[in-house]
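Colleague: pasting the structure only:
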C-alpha cells in the first residue's frame, strides 16, 4: 500500500510530499524545507519509514531545501536534475529515469521553463504527479528569472503533464490560497494561462505581463540550493535541547523516555498533572514530583521554577502533552512530556512512591 502525506511550510507556502511503500518501509520526500526537517524526521519515525531519497523538482528561489540536513540525519540520498547546476547531489536525474522506493517508483519527466532543471515526478501508476512550479493550481511558475522561458514551459506542460491521464492528480510545490490538489483534466480545461484554447503566443503574452516582485529569499535560497541546502560551514546547529536526550514528535511535542528522566534526577523538576486521587492511586507517582492538576496549571504555573527544565507527567502522556503546550505558552522554554506517562514508567520498572505492588 502507498503511504502518502502532503505537508506544508507556511512561511514559504511550500508543499513537501512524503511517499512510502508500506511493505518495505522505504520512502522519498519531494521538495523538503530546511526549517521543517525536524517535523519531517518525526513523521518518518512515527510511520516507521526509512527515507531513501530526497527529490527536488527544481532549484528553489523562495526557501532553502532540507535535502542536505536530512541526509546528515537519516542517511538519505539527494537527487535532482542534471541540468539544475547544483553541486553535492548523490544522483543527477535525466528525463525517463526512475527513482525507486521499495516496490514503487517515480518516473522523472523533464519539464523546463521555470528553470532549466525543472522536473515533474510521476507515480508508477500515473495516479498522481508532482509538478513543482511548472503547473500550479490554476496557474504556473513564473518565467522571468532563473533561465525562465515561457514557450519552453508551454511545451513542457502540454507534452509532459497534460499528456497524462485526465484523472491523474497534480500536486504543486506551492499554493498561496489554501488549495491542495488539482487534476490534469481540470487544468487542461480551466487553467487561465495554459488551459482551454490558449496557445503558446497567448501564454507568452500573459507571462510577460505578470509584473511580480522577485522572491524575498532569492539571494539566500538560490546559492544554498545550488549546494543542496548545505550551509557554507558544513555544520548546522539543530537547536535541539541539550538538557536531556529528547525526541520531537510530529504533533510538535518534545518527549523524554522513562529511563532518561530517571537518569536526569534532580536536574529536572517533575510536574504531575493528574488528579490527587490518581497521584496517590494504584500507579503511584515519581519521587519528588509536584502535583499540579491540569485544570489548575495555568493559575499555578508561578509555583514552578522557570530556571530549571520541566517534565510533565500524567497517566498515559496525553494530558501531560497539553501541559507542555500550556507551559510553553506561559514562557517556559525547557519543557518535555514523559512519553507513555506513568503506565510506561511503571512498565519499564522505574521507581515509584506509593501505588499497588
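Modeller: Now that the structure is in, tell me what you want to look at. Note that the structure is predicted; figures quoted are calculated from it, not measured.
Colleague: Give me the buried positions along stretch 227-246.
Modeller: Within stretch 227-246, the residues that count as buried by 16 or more other CB atoms under 10 Å are 227-230, 241, 244, 246. No exception for glycine: its C-beta is placed from N, CA and C like everyone else's.
Colleague: Format the residues you listed as CSV; extra columns: pLDDT.
Modeller: Below are those laid out as CSV (pLDDT from 0 to 100):
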residue, pLDDT
227, 96
228, 96
229, 96
230, 94
241, 91
244, 94
246, 96
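Colleague: Next SSE downstream of the helix or strand of the chain with the lowest mean pLDDT?
Modeller: Of all helical and strand segments in the chain, the minimum by mean pLDDT, DSSP states H and E falls on helix 218-225, at a mean of 92. Proceeding N to C from helix 218-225, the next assigned helix or strand is strand 246-248, under DSSP states H and E.
Colleague: Give me the distance from that next one to the chain's centre.
Modeller: The chain centre lies 16 Å from the centre of strand 246-248; the measure is CA atoms, centre = their mean, to the nearest Å.
Colleague: Given the helix or strand following that strand, what are its sheet partners and their directions?
Modeller: Using DSSP H and E, the helix or strand that follows strand 246-248 towards the C-terminus is strand 254-256. Strand pairing for strand 254-256, using DSSP bridges, gives strand 246-248 (antiparallel), strand 335-338 (parallel).
Colleague: Return the most buried member of those.
Modeller: Highest mean neighbour count of the strands paired with strand 254-256: strand 335-338, a mean of 27 (counted as mean count of other CB atoms under 10 Å).
Colleague: Contacts for it, please.
Modeller: For strand 335-338, contacts defined as CB atoms under 8 Å, 6 or more residues apart in numbering pick out 241, 244, 246, 253-256, 258, 261, 270, 309-314, 317, 320-321, 323-324, 327-328, 344-345.
Colleague: Which ones among those residues lie within helices?
Modeller: Judged by DSSP state H, those include 258, 261, 320-321, 323-324, 327-328, 344-345 as members of helices.
Colleague: Quick check: of those residues, which lies closest to residue 55?
Modeller: residue 321 (32.9 Å; CB to CB).
Colleague: Do I have it right that residue 314 meets residue 341?
Modeller: Yes - look at residue 314 against residue 341 with CB atoms under 8 Å: they come within range, at 5.0 Å.
Colleague: Return every residue with contacts to both of those two.
Modeller: With CB under 8 Å, 6+ apart as the test, residue 314 and residue 341 both reach residue 320.
Colleague: which of the ones in helices among the contacts of strand 335-338 are buried?
Modeller: Buried among those (16+ other CB under 10 Å): 258, 261, 320-321, 323-324, 327-328, 345.
Colleague: need the contact list for the closest residue to residue 345 other than its chain neighbours.
Modeller: Distances taken as CB to CB, 6 or more residues apart in numbering put residue 258 closest to residue 345, at 4.8 Å, once the chain neighbours are dropped. By CB under 8 Å, 6+ apart, the contact set of residue 258 is 338-340, 344-345, 348, 350.
Colleague: if we can go back for a sec, can you tell me which two in the buried residues of stretch 227-246 are farthest apart?
Modeller: Longest span within the buried residues of stretch 227-246, CB to CB: 227 and 244, 33.2 Å.
Colleague: for the residue nearest to the spatial centre of the chain, helix, strand, or coil?
Modeller: By CA atoms, centre = their mean, the chain has its centre lying nearest to residue 40, at 3.8 Å. With DSSP: H, G, I helix; E, B strand; the rest coil as the basis, residue 40 sits in helix.
Colleague: Same question for the one 4 residues further on.
Modeller: Classification of residue 44 into helix, strand or coil gives helix, according to three-state DSSP.
Colleague: ok, now residue 188?
Modeller: Taken by three-state DSSP, the conformation at residue 188 corresponds to helix.
Colleague: Please tell me how far it sits from residue 126.
Modeller: Distance of residue 188 to residue 126, given as CB to CB, to the nearest Å: 15 Å.
Colleague: quick one, which of these two is more surrounded?
Modeller: Using other CB atoms under 10 Å as the criterion, residue 188 and residue 126 rank with residue 188 on top: 18 against 14.
Colleague: Which residues are in contact with the more buried one?
Modeller: 162, 166, 195.
Colleague: per-residue pLDDT, it?
Modeller: In this model, residue 188 is scored at 98, pLDDT.
Colleague: Neighbours of the closest residue to residue 8 other than its chain neighbours, how many?
Modeller: Closest residue to residue 8 apart from its sequence neighbours, by CB to CB, 6+ apart: residue 15 at 5.9 Å. The number of residues packed near residue 15 is 21, by other CB under 10 Å.
Colleague: is it true that residue 23 touches residue 103?
Modeller: Yes - Residue 23 is within contact range of residue 103, at 6.1 Å (criterion: CB under 8 Å).
Colleague: give me the low-pLDDT residue ranges for the chain?
Modeller: 234-238 (pLDDT under 70).
Colleague: do that again at 80, thanks
Modeller: Applying pLDDT under 80 to the chain picks out residues 214, 233-239, 357.
Colleague: Pop the domain breakdown of it in here.
Modeller: 2-225, 246-347 (automatic domain parsing).
Colleague: surely residue 306 meets residue 331?
Modeller: Yes - using CB under 8 Å, residue 306 makes contact with residue 331 at a distance of 6.9 Å.
Colleague: higher neighbour count, these two?
Modeller: Neighbours were counted for residue 306 and for residue 331 using other CB under 10 Å; residue 306 has more, 13 against 8.
Colleague: Any figure for the gap between the more buried one and residue 101?
Modeller: 45 Å.
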